[in-house]
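**Q** the following comprises the amino acid sequence and a computationally predicted model.
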Protein chains: 2
Amino acid sequence: MKYSKLFGKTTYGEQKGSEMISHQFLTRGGFIKESVAGRYFFLPLGWRVHEKIKAIIKDEMDKAGAQEMISPVLHPLELWQETNRTNTTGFELMKVTDRRGGEFALGGTAEEMFVDVVRKFQVSYKDLPFNIYQFSTKFRDELRARGGLLRVREFVMKDAYSFSRDEEEFKIEYQKMWQTYTDIFERLGLQTMVVESDNGYIGGEYCHEFQVEHPDGEGKFFVSEDGSYVAHEEVAIMKKVSMNESEEEKPVEEVDAPRGNTIEDGVKLHGLPAWQQMKSVMYIDEQGRYILAVIRGDWGVNEMKLRHQSGSIELRPATEEEIVVLGSTAGFISPVNLKNEKLLIVADDSLVDIKNMYTGANAVNRDLLNVNYGRDWQAGVVGDIAQAVVGAEGVRGGKLAEKQGIEVGNIFQLGYHYTKLMKDAVYTDVDGQTKPYYMGCYGIGLGRTMATIVEKFHDDKGIVWPKSVAPYQVHLISLSSKDPAVVEKNNAAAQSLHDELEAAGVEVLWDDRAEFSAGAKFADADLIGIPLRLVISEKTLKENSVEWKERSAENSQLVLLSEIVTSIKKFLE
Amino acid sequence: MKYSKLFGKTTYGEQKGSEMISHQFLTRGGFIKESVAGRYFFLPLGWRVHEKIKAIIKDEMDKAGAQEMISPVLHPLELWQETNRTNTTGFELMKVTDRRGGEFALGGTAEEMFVDVVRKFQVSYKDLPFNIYQFSTKFRDELRARGGLLRVREFVMKDAYSFSRDEEEFKIEYQKMWQTYTDIFERLGLQTMVVESDNGYIGGEYCHEFQVEHPDGEGKFFVSEDGSYVAHEEVAIMKKVSMNESEEEKPVEEVDAPRGNTIEDGVKLHGLPAWQQMKSVMYIDEQGRYILAVIRGDWGVNEMKLRHQSGSIELRPATEEEIVVLGSTAGFISPVNLKNEKLLIVADDSLVDIKNMYTGANAVNRDLLNVNYGRDWQAGVVGDIAQAVVGAEGVRGGKLAEKQGIEVGNIFQLGYHYTKLMKDAVYTDVDGQTKPYYMGCYGIGLGRTMATIVEKFHDDKGIVWPKSVAPYQVHLISLSSKDPAVVEKNNAAAQSLHDELEAAGVEVLWDDRAEFSAGAKFADADLIGIPLRLVISEKTLKENSVEWKERSAENSQLVLLSEIVTSIKKFLE
């Protein structure tokens, strides 16, 4: 391919609106171009990378026995109503009406569609398990797009859906996908951490994210010292050790507490440790219920965990007025003696065995001392609502460190979530009975993966593509000259090498532009990031050679033209 | 691939809502499944065919130097407003609004998007020409979907857009695409006729459709005896021979005409040939203008041609009342002495040299005889508005025959249509001046092409896929038996052959189902239509052989297992 005829050449200058290096380099290198915010053209160079990523994913998915197919982009809205996701999805659904009045969702994920197509067949236990997947455009009506390809409103996603007879059969598939994802990202050059996560709006009980560590990644997670426990901050669990379990319970005492509203104010006033203080945080949920989260004073409430414990879809902090209406007051909230039919108290499980705690008394400047769970108060729900903290011990041992990463893929157990909500989502079992199938789903965003590769593989001059996904394998440069005879000779040699390489199955991009200097061409080659650069000049031709420079190396060398194909084949192995 | 685990198996029974055989066989064979009317899932088997068609198109496009890329599916609506296509497209555009108020069209075709991305770069004459294309989902809000994949609301289209310095440079690309399309369809097994067509809503001056002859095709076109002239009925031109050019012009005469309103009534009354009668048809266009089309009595008005001549976007027949308002009367309309500032008379060019015509006199039962163009009346526009008729001589000689076909592809000259409507759609020429680029576009619908292949390649039992697009190359069947030892032996041999074939790079679908009879498996194989069927049974194993039957052949033969891979490689060549 001649670079002179390639559509989408390099441009220089800062790309506004993002500090992510992948956004900068992919735009400047001529890989992508923004249409409107969050929506991108993939130019020919960028599309080649995208398609190589796709081919690797497809190869590994097929090896694992998954079957590629495709569903329509427009999903009948009634399917999303069937699973109540028109209200509960985490991403805003885009809707469209056709001129016959049919309502559709622009697919953001396709669980309903895949269940719908499967239930159109009479599936028997003999057909199970199977895993069907597609590469298709997904839509997310994000309020804020950011970081180039890292958070967009439209992107190609590989989404797979597995159908199994039961959890046991499903778990085999889940493990297989876990391994497949590991293999895929390895071939893409990405080292991933598999992070236990919350499955959020998809439904189901457990899931794992594949995260690539990155200081600007949106995903925050905790890793135990030995790496055996890796969990998203939304779900990470600390080991809760006994503090003063054996201490004798003293009588409750109500005291004057002329203090401010913070935990530190209480610690200072009473001269007691923060962990012995009760932190009470009042929320209102989407049903209008008061949700009072109670936890140790030195820990924070994890809202995701709290929502799961209280069964709420949304939570917001209660206002000072709302707290007063309930018979308490901000800064002095306590679960002790607080009663209301709309109130649900959720206690962190660590509180149950801490003795003689202190807390507000639901009145300004009044505190209670020696409060004990069970004797003085009880919660509607006791469970883990604690936000993990750096340095704490993880639930499976080892101190927790915090990491940030980019989520490039995820695997979800869906269980019976969709099959129970959707009619006739059943197979006929060996006993002739119809039973719901047990599902999983598995996603990879291709554009985000591409950006992540650039985040990991670049230097200050540009991208350094791994061989597996480079847009071309060889970047051939024929140098120009003031002497037309030299130009002609260089070009003839380059044309001949270009043709020889293509005939040998090597993908080659040839910068044939006459009007560009050696420096400009080298800068473009560094920016574009093809693994191997070959330069033909008057000097190299005198040696019957070509200059060989690997993008990831500092130095160059001369290689005989007669040996070049062999050397390249070896390099690409 | 084991058929037992393939998602989307055969189903039997009539597919309602379509008499097209491709719809029947693709549905029953487990290739596609309808989501809602006009929107289809491609099941794993069908998607394999779709992707093979795609690979052939891509291969030929790339060979021709075109560059694959991708544009967002959601097009900013302002781009469509820039070219005024929100009003004038032939297909209803689907629109969607995001939660920040951004308006988008669901892409039905992507001229604006491609111009938009090109104008984001500073393109110089050195970059031109280039041809960029994509495979992407297109949306058409059709009122009536029909024929399975033949007319749908959502489909994958390969759309290419070429950018050239001028018409001369463009014509080379147009010819290249013409040849590329011919090659593509040949590889797909389809014989195409290249049909001159109206470019309709796309804009531009000329275009060609690639039609596959088919009695139920929606496209009607005319072909001259020697095949040198092939034109869509909307644009086909007859040679207009002189009728009585040398006859002396006689004086006009107004006569009583107690007759009905048809051409035949006039012929009968005056005893003169139909071609000498003037047929005057009154229309109203979208601007409220009266458009009076005048043509020989034995020919019909071609509304597409008339619209081009009058410059109208839409035409409808005038009502009897509207004709009276204009000072005429239905059945007796005549352009002679008919004047109104809102009236445009469009005369077919054949009328100019027909002498002494007869016509109504704009009054009930009154006719004019010996009317002559130029002397007695004149038209605002004179041009070709005649609908071609079977048996007439085509404009380039030879009698015209009528054919029907399925349009599988088209190539359009767009010229400066988009570049003139869109701001900054320019390149910098060698002289430093900015000039609009000259465009073409080129489309192929993949699903429709797939259905057309089935329309052409099937028998009464099912599909007979050409090797180039078959979902698998070999359909392996292991026969069942009441004797478990035989079943085990057959299956072991089949497993071994299956693995051997896969290792040799042969795509094999293995019907391994225990519970199906030989007859049921053979029927499925015939329906699915894979080119080569291999059967392993107790009988064949006794001969160390496998039964070989080509889908397109009547007879089968035994082939030694030791020779099977070689034979298959030869068969697939």
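**A** Sure, I can see it.
**Q** only C-alpha atoms for contact and neighbour calcs from this point on.
**A** Noted.
**Q** next, count neighbours for residue A:242.
**A** Using other C-alpha atoms under 10 Å in any protein chain shown, residue A:242 has 12 neighbouring residues.
**Q** what strand or helix carries it?
**A** Using DSSP states H and E, residue A:242 sits in no helix or strand.
**Q** tell me who's in contact with the nearest residue to it once chain neighbours are set aside.
**A** Nearest residue to residue A:242, sequence neighbours excluded (C-alpha to C-alpha, 6 or more residues apart in numbering or on different chains): residue A:353, at 7.0 Å. Residue A:353 sits next to A:242-245, A:373 when contact means C-alpha atoms under 8 Å, 6 or more residues apart in numbering or on different chains.
**Q** how about whichever residue of the stretch 251-400 of chain A sits closest to chain B, phi and psi?
**A** Here the residue of the stretch 251-400 of chain A nearest chain B is residue A:314; by C-alpha to the nearest C-alpha that distance is 19.8 Å. Main-chain torsions, residue A:314, degrees, to the nearest 10: phi -130, psi 150.
**Q** same check, this time on residue A:208
**A** According to degrees, to the nearest 10, residue A:208 has phi -130, psi 140.
**Q** ok, the one 5 residues further on next?
**A** Reported as degrees, to the nearest 10, the phi and psi values for residue A:213 are phi -60, psi 130.
**Q** now it: how far from chain B?
**A** The gap separating residue A:213 from chain B is 29 Å, by C-alpha to the nearest C-alpha, to the nearest Å.
**Q** try residue A:27
**A** From residue A:27 to chain B the distance is 12 Å (C-alpha to the nearest C-alpha).
**Q** quick check, pLDDT for the residue of the stretch 251-400 of chain A closest to chain B.
**A** Confidence at residue A:314, expressed as pLDDT, is 88.
**Q** for the one 5 residues further on, same thing?
**A** Per-residue confidence for residue A:319 comes out at a pLDDT of 96.
**Q** show me the contacts for it.
**A** So residue A:319 contacts nothing (C-alpha under 8 Å, 6+ apart).
**Q** could you do residue A:292 as well?
**A** A:280-283, A:335, A:343-346.
**Q** just the buried residues of these.
**A** Neighbour-count burial within these applies to A:280-283, A:335, A:343-346; the criterion is 16 or more other C-alpha atoms under 10 Å in any protein chain shown.
**Q** check which helix or strand the residue of chain A most remote from its centre maps to.
**A** Most distant from the centre of chain A: residue A:485, at 55.1 Å, with distances by C-alpha atoms, centre = their mean. Remark: residue A:485 resides in helix A:484-503, with elements defined by DSSP H and E.
**Q** next helix or strand past that helix?
**A** Counting by DSSP H and E, what follows helix A:484-503 is strand A:508-511.
**Q** buried sites along the very next helix or strand once past that following strand?
**A** Elements were assigned by DSSP H and E; along the chain past strand A:508-511, the next helix or strand is helix A:518-528. For helix A:518-528, a neighbour-count test (16+ other C-alpha under 10 Å) marks A:518, A:521-522, A:524-528 as buried.
**Q** tabulate those (CSV), appending pLDDT and distance to chain B.
**A** Output for the buried residues of helix A:518-528, formatted as CSV (pLDDT from 0 to 100; distance: C-alpha to the nearest C-alpha, whole Å):
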residue, pLDDT, distance to chain B
A:518, 96, 19
A:521, 97, 16
A:522, 97, 20
A:524, 98, 16
A:525, 98, 18
A:526, 98, 21
A:527, 98, 18
A:528, 98, 17
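**Q** what about the buried ones among the contacts of residue A:292, which are in strands?
**A** Counting by DSSP state E, the part of those found in strands is A:280-283, A:343-346.
**Q** so what's the residue minimising distance to the centre of chain A closest to, chain neighbours aside?
**A** In chain A, the centroid-proximal residue (C-alpha atoms, centre = their mean) is residue A:407; its distance is 2.4 Å. Once flanking residues are discounted, residue A:407 sits nearest to residue A:211: 4.4 Å by C-alpha to C-alpha, 6+ apart.
**Q** where's that neighbour, which helix or strand?
**A** Going by DSSP H and E, residue A:211 is part of strand A:207-213.
**Q** quick one: strands adjacent to that strand?
**A** Here strand A:207-213 has these sheet partners by DSSP bridges: strand A:193-197 (antiparallel), strand A:400-415 (antiparallel).
**Q** got the ones you listed as a markdown table, with mean pLDDT columns?
**A** Shown next, in a markdown table, are the strands paired with strand A:207-213 (pLDDT from 0 to 100):
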| stretch | mean pLDDT |
| --- | --- |
| strand A:193-197 | 93 |
| strand A:400-415 | 95 |
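**Q** tell me which of the ones you listed lies nearest to residue A:75.
**A** Minimum separation from residue A:75 across these (C-alpha to C-alpha) falls at strand A:400-415, 19.7 Å.
**Q** okay, whatever helix or strand comes next after the closest one in PDB with CA atoms only?
**A** Proceeding N to C from strand A:400-415, the next assigned helix or strand is helix A:417-421, under DSSP H and E. Extracted in PDB, the C-alpha atoms of helix A:417-421 (Å, rounded to 0.1, in the frame of the first residue of the first chain):
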ATOM      1  CA  HIS A 417     -32.100 -14.000  35.800                       C
ATOM      2  CA  TYR A 418     -33.300 -13.600  32.200                       C
ATOM      3  CA  THR A 419     -34.800 -17.100  31.800                       C
ATOM      4  CA  LYS A 420     -37.100 -16.500  34.700                       C
ATOM      5  CA  LEU A 421     -38.200 -13.000  33.600                       C
END
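**Q** list the contacts of helix A:417-421.
**A** Against helix A:417-421 from outside (C-alpha under 8 Å, 6+ apart): A:82-83, A:111-112, A:115, A:203-204, A:425-426, A:436-439.
**Q** so the residue nearest to residue A:407 makes contact with residue A:408?
**A** Yes: using C-alpha atoms under 8 Å, residue A:211 is in contact with residue A:408, at 6.0 Å.
**Q** JSON lines for the contacts of residue A:292, including distance to residue A:321 and pLDDT?
**A** Shown next, in JSON lines, are the contacts of residue A:292 (distance: C-alpha to C-alpha, whole Å; pLDDT from 0 to 100):
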{"residue": "A:280", "distance to residue A:321": "16", "pLDDT": "97"}
{"residue": "A:281", "distance to residue A:321": "14", "pLDDT": "97"}
{"residue": "A:282", "distance to residue A:321": "12", "pLDDT": "97"}
{"residue": "A:283", "distance to residue A:321": "12", "pLDDT": "97"}
{"residue": "A:335", "distance to residue A:321": "18", "pLDDT": "97"}
{"residue": "A:343", "distance to residue A:321": "15", "pLDDT": "96"}
{"residue": "A:344", "distance to residue A:321": "18", "pLDDT": "97"}
{"residue": "A:345", "distance to residue A:321": "19", "pLDDT": "97"}
{"residue": "A:346", "distance to residue A:321": "21", "pLDDT": "97"}
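**Q** from those, list the ones also adjacent to chain B.
**A** Contacts with chain B within the contacts of residue A:292, as defined by C-alpha under 8 Å from any C-alpha of the partner chain: none are present.
**Q** spatially nearest residue to residue A:528, not counting backbone neighbours?
**A** The spatially closest residue to residue A:528, leaving aside those adjacent along the chain, is residue A:29, at 5.2 Å (C-alpha to C-alpha, 6+ apart).
**Q** same deal with residue A:31?
**A** residue A:46 (3.9 Å).
**Q** the one you found: neighbour count?
**A** Should you count by other C-alpha under 10 Å, residue A:46 turns out to have 25 residues around it.
**Q** just to revisit the earlier point, kindly reformat the strands paired with strand A:207-213 as TSV containing distance to residue B:399.
**A** Shown next, in TSV, are the strands paired with strand A:207-213 (distance: least, C-alpha to C-alpha, whole Å):
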stretch	distance to residue B:399
strand A:193-197	73
strand A:400-415	64
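**Q** tell me which of these approaches residue A:558 most closely.
**A** strand A:400-415 (39.5 Å).
**Q** identify each buried residue in the closest one, please.
**A** Counting neighbours by 16+ other C-alpha under 10 Å, strand A:400-415 gives A:400-415 as buried.
**Q** tell me the contacts of the residue of the stretch 251-400 of chain A closest to chain B?
**A** A:285-286, A:307.
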